[in-house]
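Asks: Need a 3D model of the sequence below.
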Amino acid sequence: MKHLRITLAAGLLAAGAAHAELSAGDQYNLDQIRSGAPAAIRAAAQNIEASGASSPVVTDALAEVLLKNQSQSGNAYVDALSWSCKALAATGNKRYYSALKQVSDNPQTHKKTRKYCNNAAAGLGGADGEQYALGMAASAATAAVVPAAAPAAAAKSTAAAAAPAAAAAADGAYKPITEVKPEMSQQQAFAIAGPPTSTNAHVTGKAWIPFNFKGGDSYRTIAHYKGQGRIIFSNTSAYSTGQRVLEVQIDPNEAGY
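Replies: Here you go, the predicted model:
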């Protein structure tokens, strides 16, 4: 039984390590999707659609959001879900065919979302292999959590896995957020400061201004850096996925979450 517990813990640690190895861009998109804000989900979907590829952890999370919210009829959600359909199709991964068909065939789904999901499913051309089903993303996230009572050997493995990242930071692979300046693109900021400890997004009041035709600064993303502060990004337009640095807030007491 002891051997079984150690083997299980090792497997869970491996899953957690795989999740931790997301690129800064993938981690950003995953945080946006998990925020639940329609504007943030749309931004992540647009990023994925533009790149045509993303980690399965991220695209599974996007598929989960699509299936959970397929009956939403508000304009912001309809837009976000329509982009989600396009993003999943852009990956070319037939794993999402059934999910897209389920949404496109649902009479309670908004006609715009159904249209984009139907086109996306047609683009994938059919199912192949294991199909994504509601709840799979949540199951994967649970599996990646290491139990608090993991054996000492497992804890030692965790420390060893974290060592390369710590060494990279110590060697100056990334610079302090004080080097990040307003108007830099999000990609530039992450290239300088590295991936944030966590991110969260929110819609601003400008999203509801009728004459804000360009749609700039309608949502913001806050990247938290533990012990350093926060980088605040703002979208440049409703018609692009770009975000630029709006402000850098220095705060040595930043908890990172």
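
Asks: Check the gap between the spatially closest residue to Gly194 that is not a sequence neighbour and Val180 for me.
Replies: Spatial nearest neighbour of Gly194, excluding adjacent residues (Cβ to Cβ, 6 or more residues apart in numbering): Tyr174 at 3.5 Å. C-beta here means a position set from N, CA and C on the backbone, and glycine is covered the same way. Separation of Tyr174 from Val180 (Cβ to Cβ, to the nearest Å): 11 Å.

Asks: hey, what's in contact with both of these two?
Replies: Taking Cβ atoms under 8 Å, 6 or more residues apart in numbering as the criterion, Tyr174 and Val180 both touch 192-193.

Asks: ok, back up a step: please tell me how far the residue nearest to Gly194 sits from Pro56.
Replies: Distance from Tyr174 to Pro56, by Cβ to Cβ: 26 Å.

Asks: what's the answer for His110, then?
Replies: Distance from His110 to Pro56, by Cβ to Cβ: 27 Å.

Asks: neighbour count winner among those two?
Replies: His110 (21 against 16; other Cβ atoms under 10 Å).

Asks: Correct me if wrong: that one contacts Gln72.
Replies: Yes. His110 is in contact with Gln72 according to Cβ atoms under 8 Å; the separation is 7.5 Å.

Asks: Could you tell me which residues touch both of those two?
Replies: 78, 81.

Asks: residue contacts, the spatially most central residue of the chain?
Replies: For the chain, the residue nearest the mean C-alpha position is Leu30 (1.3 Å; Cα atoms, centre = their mean). For Leu30, the contact set (Cβ under 8 Å, 6+ apart) comprises 22, 44, 55, 57-58, 61.

Asks: ok, 7 Å please
Replies: 22, 57-58, 61 (Cβ atoms under 7 Å, 6 or more residues apart in numbering).
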